[in-house]
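S.K.: Provided below for reference: sequence and predicted model.
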Amino acid sequence: MSVVELGRFLDDLADASGKAILPFFRAQFGLDDKARGGAPFDPVTEADRAAEVVLRKMIGQTFPGHGILGEEFGSERTDAECVWVLDPIDGTRAFIGGLPTWGTLIGLTRNGVPVRGLMHQPYLGERFTGDGKNARLRGPAGERTLLTRRCADLGQAILATTDPRLFAAGEEAERFRTLEGQVRMSRYGADCYAYCMLAAGQIDLVVEAGLKPYDIVALIPIIEGAGGRVTAWDGGSAAGGGRVVAAGDPRLHAAALKVLNP
């Protein structure tokens, strides 16, 4: 499949998942808690499951030799050269609350390296795509290239994280609080949308912990394609999830790492 054909297939996946999800948004739907043994609330909706079923079916029909790793239905052939990494609704809590800061994440890895990514927000009609070299936004205002903002100084930076309670009590939480104390402004609760706003030059820094691969793989090619950097706190690959730091400016990324991994 050519690059153009792959792009069209990604669009088809986004269209199909959006059609599966939107009837549930700001409507009544079934809700389950995936948490076990007193763990924090971990919601999953009918919309999550419906979208992932559609995505898996389309990928299986088009690329039967590819692997799939999805949030709701586990993994298939993850030892394959190419593996699709899916989060049908990243930001399920926002979805439940009727807030449009959720999105469908569709990533593709080759030999474990994220090579294509798409974040689709069907309610707003926005589609963020990237291949690690270029990134684009298509939406109601048209299409444009995504470029991160130049910001080398923590004191001038806007930081985002989904929830400050993501960080484990003790050293991890203390490192985050130290970093947050050095930035100009911080915002909470945007999930995948914060990373896309970083790629669009609106946010400078996103710092999180406890992520799964499906939370971040699709976003890496978008941010890197827009000129940013995404790594683990220790500077290694972020593709496996865990503790992640993304910055629009490589100089800001280096400054953040010094605080998070002294």
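M.R.: Thanks, I have it.
S.K.: quick one: which helix or strand includes residue 47?
M.R.: Using DSSP states H and E, residue 47 sits within helix 46-62.
S.K.: For that helix, list every residue counted as buried.
M.R.: Judged by neighbour count (16 or more other C-beta atoms under 10 Å), helix 46-62 contains these buried residues: 46-56, 58-59. Where you see a C-beta, it was placed from the backbone N, CA and C, and this is true even at glycine.
S.K.: State which helix of this structure is the longest.
M.R.: The helix that spans the most residues within the chain, counting by DSSP state H, is helix 3-21.
S.K.: and for that one, what are the contacting residues?
M.R.: 1, 47, 50-51, 53-55, 58-59, 62, 88-89, 104, 106, 116, 118, 120, 122, 127, 129, 131 (C-beta atoms under 8 Å, 6 or more residues apart in numbering).
S.K.: how does it look with 6 Å?
M.R.: Residues external to helix 3-21 that are found in contact with it (C-beta atoms under 6 Å, 6 or more residues apart in numbering): 47, 50, 51, 54, 55, 58, 104, 106, 118, 120, 122.
S.K.: Okay, angle between it and helix 46-62 too, please.
M.R.: Relative orientation of helix 3-21 versus helix 46-62 (axes from the mean of the first three to the mean of the last three C-alpha atoms, to 10 degrees): 150 degrees.
S.K.: start the count at 43, not 1, going forward
M.R.: Okay, using 43 as the starting number, the last item reads as helix 45-63.
S.K.: And residue 261, how close does it get to residue 46?
M.R.: Applying C-beta to C-beta, to the nearest Å, the value for residue 261 to residue 46 is 23 Å.
S.K.: Next: residue 285.
M.R.: As for residue 285, its distance to residue 46 is 36 Å (criterion: C-beta to C-beta).
S.K.: Settle it for me: which of these two has more neighbours?
M.R.: Neighbour comparison, residue 285 and residue 46: the larger count goes to residue 285, with 22 against 8 (by other C-beta atoms under 10 Å).
S.K.: which intervals of the stretch 43-192 of the chain have sub-threshold pLDDT?
M.R.: 43, 71-86 (pLDDT under 70).
S.K.: Could you pull out the strands in it for me?
M.R.: 73-75, 85-87, 109-112, 116-118, 124-132, 145-152, 155-163, 168-172, 177-181, 184-187 (DSSP state E, counting those that start in this stretch).
S.K.: re earlier: also compute the angle for the helix holding residue 89 relative to strand 155-163, please.
M.R.: 130 degrees.
S.K.: Over to residue 232. Which of the three states is it?
M.R.: coil (DSSP: H, G, I helix; E, B strand; the rest coil).
S.K.: Tell me who's in contact with it.
M.R.: 143, 202.
S.K.: do the one 4 residues further on as well
M.R.: Remark: with contacts taken as C-beta under 6 Å, 6+ apart, residue 236 is in contact with 202, 245, 248.
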